[in-house]
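[1] Test case, fold it:
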Amino acid sequence: MPAVSKGDGMRGLAVFISDIRNCKSKEAEIKRINKELANIRSKFKGDKALDGYSKKKYVCKLLFIFLLGHDIDFGHMEAVNLLSSNKYTEKQIGYLFISVLVNSNSELIRLINNAIKNDLSSRNPTFMCLALHCIANVGSREMAEAFASEIPRILVAGDTMDSVKQSAALCLLRLYKTSPDLVLMGEWTSRVVHLLNDQHMGVVTAAISLITCLSQKNPDEFKTCVSLAVSRLSRIVSSASTDLQDYTYYFVPAPWLSCKLLRLLQCYPPPEDGAVKGRLVECLETILNKAQEPPKSKKVQHSNAKNAILFEAISLIIHYDSEPNLLVRACNQLGQFLQHRETNLRYLALESMCTLASSEFSHEAVKTHIETVINALKTERDVSVRQRAADLLYAMCDRSNAKQIVAEMLSYLETADYSIREEMVLKVAILAEKYAVDYSWYVDTILNLIRIAGDYVSEEVWYRVIQIVINRDDVQGYAAKTVFEALQAPACHENMVKVGGYILGEFGNLIAGDPRSSPLVQFNLLHSKFHLCSVPTRALLLSAYIKFINLFPETKATIQEVLRCDSQIRNSDVELQQRAVEYLKLSSIASTDVLATVLEEMPPFPERESSILAKLKKKKGPGAVSVTELEDSKREGGELNGGGDRGQDTATMAASNASTPSPSADLLGIRSTAPLGAAPASAGSLLVDVFSEAGPTAPSAAVNDDGFLRDLEQPTETSDSLLVEGSGDLDSAPPSEDPAPPLSEADDLLNKFVCKNNGVLFENQLLQIGIKSEYRQNLGRMYLFYGNKTSVQFASFTTTVSCPGELQSQLNVQTKPVEPLVEGGAQIQQVLNIECLTDFSDAPLLNIKFRYGGALQNLTLKLPVTINKFFQPTEMTSHDFFQRWKQLSQPQQEAQKIFKANNSMDTEVLKAKLLGLGTALLDNVDPNPENYVCAGVIQTKSQQVGCLLRLEPNAQAQVQHTDSPERVSHNYSSIPNFLHYLSPYSVNI
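    Numbers count the residues shown, from 1 in each chain. Prediction:
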């Protein structure tokens with residue numbers, strides 16, 4: 001209840017509250033309340049007019065009764081009358097009653113609005129604050145219509161007191177959240193932004209909450225706040241606790257304001273102004289430095305305030321993802337928290353490191369903490385912390401540590417909490433698929449997964465292992481042997497029986513030569529599990545039995561006897577009965593040739609979108625996985641185009657494919673043109689759906705004439721057309737306006753992806769576009785993720801990819817259509833398949849059109865498809881390198897460039913950028929160890945284009961010299977600022 005003066009104690013209210021507290025039963029309390037309500041009602045309806053004190057007392061009693069949980073249906077008018085009082089206590093009680101009891105649709109709103117207008121125009125700061133608090137508490141649309149234009153004027157007026165400004169800012173924030181279409185800042189924008197310079201820290205704190213919310217919806221209008229926010233943050237961070245005594249919390253200056261400033265800066269990209277950016281980097285470095293200082297107090301409030309600022313600073317560093325040193329330092333700081341005694345800190349550290357793991361600059365630093373994270377997974381008491389540890393292991397996984405991480409997650413699964421087992425199973429399955437260079441390891445992992453956590457292995461997981469075995473000839477025999485051994489366990493999970501029945505029914509002949517796994521032994525082993533299984537599994541086993549008759553004619557009599565028994569042909573389940581009868585008849589009357597045709601080996605499965613990834617995202621919940629996380633696009637050997645041991649992996653895959661012409665896919669699901677005489681190649685990616693509605697298709701239908709990617713329908717237009725348009729529903733037909741010209745920042749956005757394949761391509765207040773891409777030889781696949789950041793549906797959503805000018809003959813791009821409706825907060829995916837026909841210098845254009853709130857949104861971007869994406873790294877010795885270099889002596893075969901470095905010439909960053917270009921970084925080749933030497937071959941459909949490159953940095957002058965034989969030039973902003981390619985030469989690579 002509100003505080004009152006000593007002489008205004010409302011004794012009647014105190015007596016009533018005392019009576020209620022002394023009631024011995026619920027019935028006694030209700031009786032006393034009804035008596036008081038009758039008394040109040042008689043007073044309000046009496047002939048004698050009540051004075052202000054009496055009204056206030058009775059209204060307070062009604063308010064107390066309401067707070068006890070009883071309905072109040074009278075007294076509202078008396079509360080409104082109190083608003084016209086000139087006494088603070090009476091006006092305060094009136095506003096309090098209205099804020100709590102008056103419905104936003106009440107007929108009294110207009111009377112209340114008139115009283116509020118009078119108080120706002122009174123210039124009495126106390127009355128103005130009461131009125132603003134009431135507006136914020138009620139927050140009705142009618143109040144927003146009445147005061148949305150008045151409150152900004154009060155907020156920026158020069159003669160408004162600081163306490164009123166604070167209330168006005170928070171009141172305006174409340175109205176903007178409830179009725180954003182009515183709160184139009186317009187002319188007030190710049191003046192509201194300049195409140196960040198106000199001398200009163202309370203005003204700045206309130207204003208920054210308002211500006212942050214406005215910036216999220218209209219970032220361009222409020223972008224001037226960035227420099228002011230950096231300036232204010234710099235003053236706070238560099239100040240001592242004694243400089244801001246009134247706003248220092250346990251030796252931490254203005255912690256809440258610092259957190260809000262850092263959160264505001266996360267609404268914008270890094271500042272373009274070098275001075276502002278430098279000042280901000282200094283602030284972030286200072287915050288990281290202060291985190292290393294010994295605490296000034298042992299109290300938990302001090303550490304909480306200090307860590308709150310630190311985590312917001314780390315979030316900003318992650319958001320910018322452009323300062324390698326800060327990212328690594330942030331990772332190291334978080335690593336210290338992984339073993340902190342405070343559970344909340346360990347949780348937050350693991351959560352932040354999950355995001356850091358997706359950055360090309362900090363991924364390696366995150367990997368250094370793998371042992372600590374594994375230990376946390378095993379020993380943490382809090383299940384939520386263990387879940388974050390599992391998430392971090394999943395995020396930091398790449399080729400170098402995949403087997404270790406998968407093994408640890410499998411080990412943990414045996415004792416994991418039931419609440420997270422299903423998610424853990426999905427993650428293990430995804431990692432095993434994504435990083436399975438050795439498919440026998442993948443088969444072992446999934447079968448182990450079924451053994452350990454069979455109840456949590458969804459159909460999508462065991463479907464996947466079947467698809468991969470069917471699509472890869474080189475693993476079929478091993479899979480049959482392994483699953484046969486697994487089925488011999490006394491207690492065998494039903495999912496294992498499903499996998500065993502399917503694989504042995506298809507490939508049991510590959511192990512039938514061993515007496516220990518003869519056909520009859522295989523059949524008896526499967527049939528021993530039959531009576532323990534559910535109906536769907538029994539149906540699968542019956543199908544396996546008829547397959548056995550085709551594979552092993554000697555088992556025909558035994559299997560027919562099983563099919564003929566009453567438990568099968570008279571089974572109460574119609575599905576099992578039908579299968580038994582039909583299979584028995586088929587095996588009896590069909591000739592050997594007919595039986596072989598009907599029961600021939602399953603053809604390779606077609607590629608579909610990953611159902612495992614979709615299931616994992618669904619389990620996380622809507623909106624839990626943002627476009628920037630892109631869980632399904634985690635690194636493959638690093639995000640860099642040429643990161644990790646790509647050359648070695650490519651050579652290994654090529655050798656494997658050459659030795660085994662199977663209808664299978666490489667790890668990325670992208671197949672290069674098949675060699676002459678080889679079987680048609682299918683492009684079944686590891687992360688795809690298995691038993692789709694279309695079912696498996698024959699290999700001959702999987703690849704088109706030129707060996708391009710298999711899962712797209714061919715365009716129905718002429719052969720020159722590169723596009724497959726979106727849905728053609730009349731109701732969602734795209735607007736007919738011409739595509740907008742490319743955005744002014746399109747080139748800058750393109751340049752960010754020269755050295756990486758994954759990330760956020762574009763983001764504004766409505767839409768976020770994320771990219772994941774992968775390349776093999778002259779083929780590429782790009783996944784575009786369109787995220788609706790609003791709560792409003794996007795209608796008539798269409799995307800068009802075009803190749804301007806000569807690019808049509810240089811690059812072949814095929815797209816899948818997207819859904820025409822994108823719900824608020826939802827994300828949709830589009831797949832693009834790309835084929836490099838010959839060298840090119842332009843980039844394809846992506847045009848997006850949709851309607852938001854009836855208004856057409858039309859924007860065009862440049863897709864980050866650059867010639868270096870089709871690099872194949874090439875290893876060579878120093879002798880070979882310089883011999884080939886000297887052979888390229890023609891003027892048109894060499895280009896040189898001397899340029900000033902844009903950033904500090906850090907060795908690791910330079911190596912990462914050069915690897916990101918797709919070339920192989922050659923060690924011990926150049927006589928000068930400071931120089932960098934690279935080699936690679938650009939794969940196009942028409943020819944191979946070799947490239948040799950030398951980068952000679954001059955650290956003293958901050959100058960770099962690049963020397964490269966050239967064929968095509970393309971402008972890049974990363975190092976080197978542009979890259980030159982050399983003319984074709986005949987080499988055996």
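
[2] Just give me the neighbour total for the closest residue to residue 518 other than its chain neighbours.
    Once flanking residues are discounted, residue 518 sits nearest to residue 512: 6.1 Å by Cβ to Cβ, 6 or more residues apart in numbering. Glycine gets a C-beta too; all of them are placed from N, C-alpha and C. By other Cβ atoms under 10 Å, the residues close to residue 512 number 20.

[3] how near is residue 512 to residue 404?
    36 Å (Cβ to Cβ, to the nearest Å).

[4] and what of residue 766?
    Taking Cβ to Cβ, one finds residue 766 at 42 Å from residue 404.

[5] Over to residue 84?
    The value you get for residue 84 to residue 404, if Cβ to Cβ is used, is 75 Å.

[6] likewise residue 762?
    The value you get for residue 762 to residue 404, if Cβ to Cβ is used, is 36 Å.

[7] Then residue 532?
    From residue 532 across to residue 404, the span is 35 Å (Cβ to Cβ).

[8] Look up the pLDDT of residue 549 for me, please.
    Residue 549 carries a pLDDT score of 90 in this model.

[9] quick one: residue 135 and residue 104, what's the gap?
    11 Å.

[10] Looking at those two now, which is surrounded by more residues?
    Taking neighbours as other Cβ under 10 Å, residue 135 and residue 104 compare with residue 135 leading, 29 against 12.

[11] so where's this protein uncertain?
    Scanning the chain for pLDDT under 70 picks out 1-9, 47, 241-243, 607-611, 613-615, 617-737, 902-904, 955-989.

[12] Which one's more surrounded, residue 766 and residue 404?
    Neighbour count, other Cβ under 10 Å: between residue 766 and residue 404, residue 766 has more, with 17 against 14.

[13] tell me the contacts of that one?
    Applying Cβ atoms under 8 Å, 6 or more residues apart in numbering, one finds that residue 766 lies in contact with 788-790, 852, 857.

[14] now, the most widely separated pair of those?
    Largest separation among those by Cβ to Cβ: 789 and 857, giving 12.4 Å.

[15] Quick check: neighbours shared by those two?
    766-767.

[16] Surely residue 571 touches residue 580?
    Yes. With contacts counted by Cβ atoms under 8 Å, residue 571 reaches residue 580, the gap being 6.7 Å.

[17] More neighbours: those two, which one.
    For residue 571 versus residue 580, neighbours defined as other Cβ under 10 Å are more numerous around residue 580 (24 against 18).

[18] Give me the three-state assignment for the more buried one.
    Secondary structure assignment for residue 580 (DSSP: H, G, I helix; E, B strand; the rest coil): helix.

[19] which one is it nearest to, not counting chain neighbours?
    residue 568 is the one closest to residue 580 (Cβ to Cβ, 6+ apart), at 3.7 Å.

[20] so where does the one you found fall, helix or strand?
    helix 566-569 (DSSP states H and E).

[21] got a list of contacts for that helix?
    542, 562-563, 576-577, 580-581, 584.

[22] got it, and stretch 531-541?
    Counting by Cβ under 8 Å, 6+ apart, 494, 497-498, 501-502, 526-527, 529-530, 573, 575-576, 579 sit against stretch 531-541.

[23] Taking those residues together, which two end up most distant?
    502 and 573 (20.0 Å).

[24] Show me which of the two is the more surrounded one.
    residue 502 (23 against 12).

[25] Without its sequence neighbours, what residue ends up closest to residue 476?
    residue 507 (4.5 Å).

[26] Pretty sure the one you found sits against residue 477.
    Yes. Here residue 507 reaches residue 477: they are 6.9 Å apart, a contact under Cβ under 8 Å.

[27] Which one of the two is surrounded by more residues?
    Neighbour tally, residue 507 and residue 477, criterion other Cβ under 10 Å: the higher count belongs to residue 507, 25 against 15.

[28] Right, I'll call it a day here.
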